[in-house]
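Chemist: Sharing a sequence plus its predicted fold:
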Amino acid sequence: INHFVHNGGLYKRPFNEAFEETPMLVAVLTYVGYGVLTLFGYLRDFMRQWKIEKCQNATEREEQKDFVPLYQDFENFYNRNLYMRIRDSWNRPICSVPGAKVDMMERVSHDYNWTFTYTGRVIKDIINMGSYNYLGFAQKSGPCQEAAAKVLSQYGAGVCSTRQEMGNLDKHEELEKLVARFLGVESAMAYGMGFATNSMNIPALVGKGCLILSDELNHASLVLGARLSGATIRIFKHNNMPSLEKLLKDAIVHGQPRTRRPWKKILILVEGIYSMEGSIVRLPEVIALKKKYKSYLYLDEAHSIGALGPSGRGVVEYFGLSPEDVDVMMGTFTKSFGAAGGYIGGKKELIDYLRTYSHSAAYATSMSPPVVEQIITSIKCIMGEDGTTVGEARVQQLAENTRYFRRRLKEMGFIIYGNEDSPVVPLMLYMPAKIGAFGREMLKRNIGVVVVGFPATPIIESRARFCLSAAHTKEMLDTALKEINEVGDLLQLKYSRRRLVPLLDRPFDETTYEETED
Amino acid sequence: MNVGVAHSEVNPNTRVMNSRGMWLTYALGVGMLHIVLLSIPFFSVPVAWTLTNVIHNLGMYVFLHAVKGTPFETPDQGKARLLTHWEQLDYGVQFTSSRKFFTISPIILYFLTSFYTKYDPTHFVLNTASLLTVLIPKLPQLHGVRIFGINKY
C-alpha cells in the first residue's frame, strides 16, 4: 500500500505498514483454546484444594491460616494454570555473550515446568533472534571491547556517586558532546538506565495542569513517567493521526476539565519503533500537527536509534526531517550500541534545566566508565570516525537483512505486523498452545526466539517476535527461514490471506473506554 | 511493571468482551451446548431447551457475576479485585455494546425456550427464575451492590 503522494507530499519515501486482521476462524479457535484452558484450570485448582493433587505452588503456612491472606489466589490463576505449562520458553539461562549466536544451558523438567534441572549439557551456537542486537555490537572481542577494557583499568568499575556530586567524569562530558553531535542537536545528557531516563525525566518536564497525549502502545517506562508527573493523560489510537488531531483540537478548544483554563503545556509522547508491533511512528504528520497546534513532541527512539536511517541516526533521518523539529529526543544505548543507559537530547536550555532538576541527575548513580567507553567507541564506529567503514557496513547490512527477512516471511504466508523497514518482526501465533509449541520447536532446531502471549498482548494477538541484527549473515537468516517454514507447516501458522488491509486498520471510531480518575 | 507489554491497558479484562470474534464464539458455544443436550436421547425437546437456558444462565452468573477480580496481576493496585467481571467491563461505563449484547442474549434464549416448551407452567417458572438471576445483576443500579453482604470480599 503506497501512501507516497498522500498527506501533501510529507513523506519522501513509501510508508508501507500493515496489520492484517485476525481471520475469524482463528479468533474463534483462540477463544475456545483459552476457554478449555480456563476450565481445566478450575478443575486442577479444585483437585489441588481437595488434596487429590499435590499443590506445587507456594502456600501459606499452617500457623497463618486464620490471618488475612497476603495474596489473592485468583490473581495467580493465570500464572499457575497457563503460564506454568509453557514456562520453559522464557528465562532461559544463556552462557555466552548474546551476539548473533548464543550458547544455552539445557534444562529439563520432570514435573511439568514446576522445577527445572540442568542436564549439564550446553547447547551451542543457537541462532539468536531475540536480542536487541540491531548493529551487532554485542561482541566479546573487537575495538569496543578493547577500549572498554582499557578504560576499566584506568577509571575503575564505577563512580559511586551522582552526577551532581562527585560522579561527573570527563568521560561523561565527552560522551554527551558526542551524542549531541551524532543526533544533530545542541546538547545531550546521558543517564545510567534507559527505563529511568523516561520515568524520571517526564515528571521534570511536565506537571499538574499539563496535558500528555500518549500513544496507545507506549512502553511501560513512558506510561510510568506520565503517571508520576501528575499531568492529565489522554491516549490516542496507535499511530492514528486523525485520532491525535481530534484530541489536540478538543484539548485546545475545551481547555482543562473543570476550570476551562488553557493547558500549560501539551506534550505528545511517541516512540520511534514500537517493539511489540514493529510499526514506525508517522513522524512527518506528527511534526506537522505539533507545529499547527503549538505543542511539544517527546520522541523515544529506544529501538530506532542506530537501526533506521541511511547512516543510523534514527527515525528523524529515516524520514529526512530536521532534528530541531523534535523538542525532546530520547533514546537508549541498550539496543544498538551494546551498552546500557539512556540519553535525552535537545536544545541547550532544556538540557541545562534537566541537569539541575532531573531526578536521575540528582539521585541516581552516573554511568559506569567502561560502559561509557563502549558507547563512545560504538558511536564513533557508526559515524565512521574510527577510520573504517565498519559502521556504515553494519547499518546497510541491517537494512538488507530486514528487507530480505520480511519479504521471505511474507512470501511464505505468515501474518507479519509492522512497517517494512523495521528490524522488529512480530509473527502472529494467536492460539495459546502454539505459543509454547513455537518456542519449543524453534529451540529443538537451534533457534532462539521470544514469544509473547496474553495478558501482555491483546487476547487474540499472541506473537513471536524476531529482532534482526547486522551480525546475522545471510546464511544464518536462510537457516532460520528454513526452520521457520518447517515449523510453520507443522503448526499451521500460515494464516495470511494475502489481502493487505489498509493502514488505518484499527477503526478510528471504535470507542474504547479508559480508566478515569474523576 | 508490565515490562515488555504490547499495550498500556491497565486491566485487559475490560476489553476481552469487545475483541474480534468473541460474540461469535459465545453464540457458537451456546449453540454447541444446545446440540449436545438435544443429542441425549433421554431429554425431550422442551427439557433440552430448558436445560440449555438454565445451564447457560448458571454459567453466565458464575463467570460474570460471581467470580471477582482478574486471573492475572494488574498494575491498578487492586481496584478491580472486588469487582465482578461484569462490573469491570469497559471500566464501569454502562450501556456499551458488549453490555447490551450480553443483556439481550439471555432474553432471546428465554424467548426461544418459552416457545419450544409450549409455555408449560413448570418450565415457565424455572426459566423465568433463571432469567431473573442473570438479568438483575446487570442493572446499572446494582453496580457494585452486594445484597446481604454475599460475595463482598
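Modeler: Alright, I've got the coordinates.
Chemist: What's the local residue count around A:Gln396?
Modeler: Close neighbours of A:Gln396, defined as other CB atoms under 10 Å in any protein chain shown, add up to 15. Backbone N, C-alpha and C define where each C-beta goes, glycine included.
Chemist: where's it, which helix or strand?
Modeler: Take DSSP states H and E as the rule and A:Gln396 turns out to sit in helix A:390-412.
Chemist: helices or strands next to that helix in the packing?
Modeler: helix A:369-383, strand A:424-428, helix A:474-491 (3 or more CB pairs under 8 Å, 6 or more residues apart in numbering or on different chains; DSSP states H and E).
Chemist: got the buried residues for the longest helix along chain B?
Modeler: Counting by DSSP state H, the longest helix found in chain B is helix B:97-116. Neighbour-count burial for helix B:97-116 flags B:Ser98, B:Arg99, B:Phe102, B:Ser105, B:Pro106, B:Leu109, B:Tyr110, B:Thr113, B:Ser114, B:Tyr116 (criterion: 16 or more other CB atoms under 10 Å in any protein chain shown).
Chemist: Stretch B:66-74 now?
Modeler: B:Val67, B:Lys68, B:Gly69, B:Thr70, B:Pro71, B:Phe72, B:Glu73, B:Thr74.
Chemist: got the contact list for the fourth one?
Modeler: Just to be clear, that refers to B:Thr70. Applying CB atoms under 8 Å, 6 or more residues apart in numbering or on different chains, we find B:Thr70 in contact with A:Phe74, A:Glu75, B:Asn11, B:Pro12, B:Asn13, B:Ala80, B:Arg81, B:Gln88.
Chemist: One more pass at 10 Å, please.
Modeler: B:Thr70 makes contact with A:72, A:74-75, A:77-78, A:455, B:11-14, B:76, B:78, B:80-81, B:83, B:85, B:88 under the criterion CB atoms under 10 Å, 6 or more residues apart in numbering or on different chains.
Chemist: so where does it fall, helix or strand?
Modeler: Counting by DSSP H and E, B:Thr70 is part of no helix or strand.
Chemist: now the last one
Modeler: Under the criterion of DSSP H and E, B:Thr74 resides outside all helices and strands.
Chemist: my guess is it meets B:Arg81, correct?
Modeler: Yes - proximity of B:Thr74 to B:Arg81 meets the contact threshold set by CB atoms under 10 Å, at 8.8 Å.
Chemist: so what's in contact with the two at the same time?
Modeler: With CB under 10 Å, 6+ apart, B:Thr74 and B:Arg81 have common neighbours A:Glu75.
Chemist: how deep is the nearest residue to A:Leu152 once chain neighbours are set aside tucked in, by neighbour count?
Modeler: Nearest residue to A:Leu152 in three dimensions, chain neighbours excluded: A:Pro370, at 4.3 Å (CB to CB, 6 or more residues apart in numbering or on different chains). Number of residues near A:Pro370 (other CB under 10 Å) recorded here: 23.
Chemist: What of the one 3 residues further on?
Modeler: Around A:Glu373 sit 25 other residues, with neighbours defined as other CB under 10 Å.
Chemist: quick one: it from chain B, how far?
Modeler: Using CB to the nearest CB, to the nearest Å, one gets 27 Å for the distance from A:Glu373 to chain B.
Chemist: thought that residue was touching A:Ala147?
Modeler: Yes - here A:Glu373 reaches A:Ala147: they are 5.1 Å apart, a contact under CB under 10 Å.
Chemist: Just the endpoints, please. Distance across stretch A:299-308?
Modeler: Distance between the two ends of stretch A:299-308: 14 Å, counting by CA to CA, to the nearest Å.
Chemist: quick one: that stretch near chain B?
Modeler: No - figure legend: stretch A:299-308 not in contact with chain B (CB under 10 Å from any CB of the partner chain); closest approach 12.3 Å.
Chemist: Pull up the residues of the stretch 51-200 of chain A that are close to chain B.
Modeler: A:68, A:71-72, A:74-83, A:195, A:199.
Chemist: One more pass at 7 Å, please.
Modeler: Taking CB under 7 Å from any CB of the partner chain, the part of the stretch 51-200 of chain A that reaches chain B is made up of A:Gln72, A:Phe74, A:Glu75, A:Phe77, A:Tyr78.
Chemist: residue contacts, A:Val26?
Modeler: A:Tyr430, A:Tyr495 (CB atoms under 7 Å, 6 or more residues apart in numbering or on different chains).
Chemist: Tell me if I am right that it is in a helix.
Modeler: Yes - counting by DSSP: H, G, I helix; E, B strand; the rest coil, one finds A:Val26 located in a helix.
Chemist: what about A:Asn198, neighbour count?
Modeler: Neighbours around A:Asn198, by other CB under 10 Å: 27.
Chemist: secondary structure class for B:His34?
Modeler: helix.
Chemist: Hmm, it is touching B:Val54, no?
Modeler: No - with contact defined as CB atoms under 7 Å, B:His34 does not reach B:Val54; the gap is 11.9 Å.
Chemist: send the alpha carbons of the longest helix of chain B over as CSV?
Modeler: Presented in CSV, the C-alpha positions along helix B:97-116 are these (Å, rounded to 0.1, in the frame of the first residue of the first chain):
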residue,chain,number,x,y,z
SER,B,97,-22.3,-2.5,23.1
SER,B,98,-20.9,-5.5,24.9
ARG,B,99,-23.1,-5.0,27.8
LYS,B,100,-26.1,-4.6,25.6
PHE,B,101,-25.3,-7.8,23.7
PHE,B,102,-24.8,-9.9,26.9
THR,B,103,-28.1,-8.5,28.3
ILE,B,104,-30.1,-9.2,25.2
SER,B,105,-28.8,-12.7,24.5
PRO,B,106,-30.3,-14.4,27.6
ILE,B,107,-33.6,-12.7,26.8
ILE,B,108,-33.5,-14.1,23.3
LEU,B,109,-32.7,-17.5,24.7
TYR,B,110,-35.6,-17.2,27.1
PHE,B,111,-38.0,-16.4,24.2
LEU,B,112,-36.8,-19.4,22.2
THR,B,113,-37.1,-21.6,25.3
SER,B,114,-40.6,-20.4,26.1
PHE,B,115,-41.7,-21.1,22.6
TYR,B,116,-40.2,-24.6,22.4
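Chemist: and the helix or strand following that helix, which residues are buried?
Modeler: Next helix or strand after helix B:97-116 toward the C-terminus (DSSP H and E): helix B:121-135. For helix B:121-135, burial by neighbour count (16+ other CB under 10 Å) applies to B:His123, B:Leu126, B:Asn127, B:Ser130, B:Leu131, B:Val134.
Chemist: cool, and stretch A:405-417?
Modeler: Neighbour-count burial for stretch A:405-417 [16+ other CB under 10 Å]: A:Phe405, A:Arg406, A:Arg408, A:Leu409, A:Lys410, A:Met412, A:Phe414, A:Ile415, A:Ile416, A:Tyr417.
Chemist: Hmm, the third one is touching A:Leu481, no?
Modeler: Yep, that's A:Arg408 we're talking about. Yes - using CB under 7 Å, A:Arg408 is in contact with A:Leu481, at 5.2 Å.
Chemist: what's the neighbour count on the residue of chain B found nearest chain A?
Modeler: Here chain B gets closest to chain A at one residue, B:Gly21, 3.1 Å apart by CB to the nearest CB. Number of residues near B:Gly21 (other CB under 10 Å) recorded here: 20.
Chemist: got it, and A:Ala464?
Modeler: Around A:Ala464 there are 26 residues (other CB under 10 Å).
Chemist: Let me have the residues of the stretch 51-200 of chain A next to chain B in JSON lines, extended by neighbour count.
Modeler: Listed next are these as JSON lines, based on neighbours: other CB atoms under 10 Å in any protein chain shown:
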{"residue": "A:Gln72", "neighbour count": "14"}
{"residue": "A:Phe74", "neighbour count": "15"}
{"residue": "A:Glu75", "neighbour count": "17"}
{"residue": "A:Phe77", "neighbour count": "20"}
{"residue": "A:Tyr78", "neighbour count": "20"}
